[in-house]
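>>> for reference, the sequence and a predicted model appear below.
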Amino acid sequence: MKKLVFPFLFALFFGLNSCSDDQTLSTAFHRYSGQDGIVSITIPGFLIHMASWSDGLSNEEKELLKNIDKVKILAVDDPDKFRNVNFHQEFHSLLKQGKYEELINIREEKQEVSIVGVTDSEANIREMLILVGGEDNALIYVKGNLKPELLSQQVKLDSNGHLSGLGKLYQR
């Protein structure tokens, strides 16, 4: 009996986990992850929650981290090798799905950033997708219960229209 319980729980956990992510989003990550010159990172919620215990973070930053359940990042690390790749153009179909609501769209000469999300009845963001294409290419998926007031305290647009904030939480 014990030999059957672990495989069942393992299959149940990973089966539910893969069903919760959007299929097109999963396809995007599978297409590029593992290639030389691409960075692919998945951070489970328990690790993000552990980061909230860190000293030096404000209470708002800690609260924000406690409300994130998963982060998946796909980014081009070698732009010379992927010169003709534009994640924004390639995965723009994700943005057109009825599931996502546009939150921010920024267009510059050689860069486009779209942030879309799935919100609940209280305007909390349950899923957020950040799609970057042009000179830099990245696809960032965040799942959790992100309250708008926590996000607005941490992420701001500077005078040039660039996103700033969360510097302590993410450093390259």
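Yep, it's here.
>>> can we go C-alpha only for contacts and neighbour counts from here?
Fine.
>>> now for the helix or strand hosting residue 104, which elements pack on it?
Using DSSP states H and E, residue 104 sits within strand 101-107. On a contact count with 3 or more Cα pairs under 8 Å, 6 or more residues apart in numbering; DSSP states H and E, strand 101-107 meets strand 111-119.
>>> what's the following helix or strand after the strand it packs on?
The element immediately downstream of strand 111-119 (helix or strand, assigned by DSSP H and E) is strand 125-134.
>>> given the helix or strand following that following strand, what are its sheet partners and their directions?
Heading C-terminal from strand 125-134, the first helix or strand you meet, by DSSP H and E, is strand 138-146. Sheet pairing of strand 138-146 (DSSP bridges) gives strand 68-76 (antiparallel), strand 125-134 (antiparallel).
>>> any idea of the mean pLDDT for the strand holding residue 104?
Summarised as a single mean, pLDDT over strand 101-107 is 84.
>>> so how far is stretch 70-87 off the chain centroid?
Centre-to-centre, stretch 70-87 and its host chain are 14 Å apart (Cα atoms, centre = their mean, to the nearest Å).
>>> buried residues in it?
70-77, 85-87 (16 or more other Cα atoms under 10 Å).
>>> sorry, back to before: residues making contact with the strand holding residue 104?
The contact list for strand 101-107, computed with Cα atoms under 8 Å, 6 or more residues apart in numbering, reads 95, 112-119, 161.
>>> what subset of these is buried?
Among the contacts of strand 101-107, those buried by neighbour count (16+ other Cα under 10 Å) are 95, 112-119.
>>> distance of the closest residue to residue 42 other than its chain neighbours from residue 58?
Leaving out its chain neighbours, the residue that sits closest to residue 42 by Cα to Cα, 6 or more residues apart in numbering is residue 72, at 4.4 Å. Using Cα to Cα, to the nearest Å, one obtains 24 Å as the distance from residue 72 to residue 58.
>>> quick one: low-confidence ranges for this protein?
Within the chain, the segments meeting pLDDT under 70 span 1-24, 95-97, 151-172.
>>> recalculate using a threshold of 90.
In the predicted model, the chain carries pLDDT under 90 at residues 1-34, 52, 54-64, 79, 82-111, 113-124, 128-131, 134-135, 146-172.
>>> which residue is nearest the middle of it?
Among the residues of the chain, the one closest to the centroid is residue 141, at 2.2 Å (Cα atoms, centre = their mean).
>>> cool, thanks, signing off.
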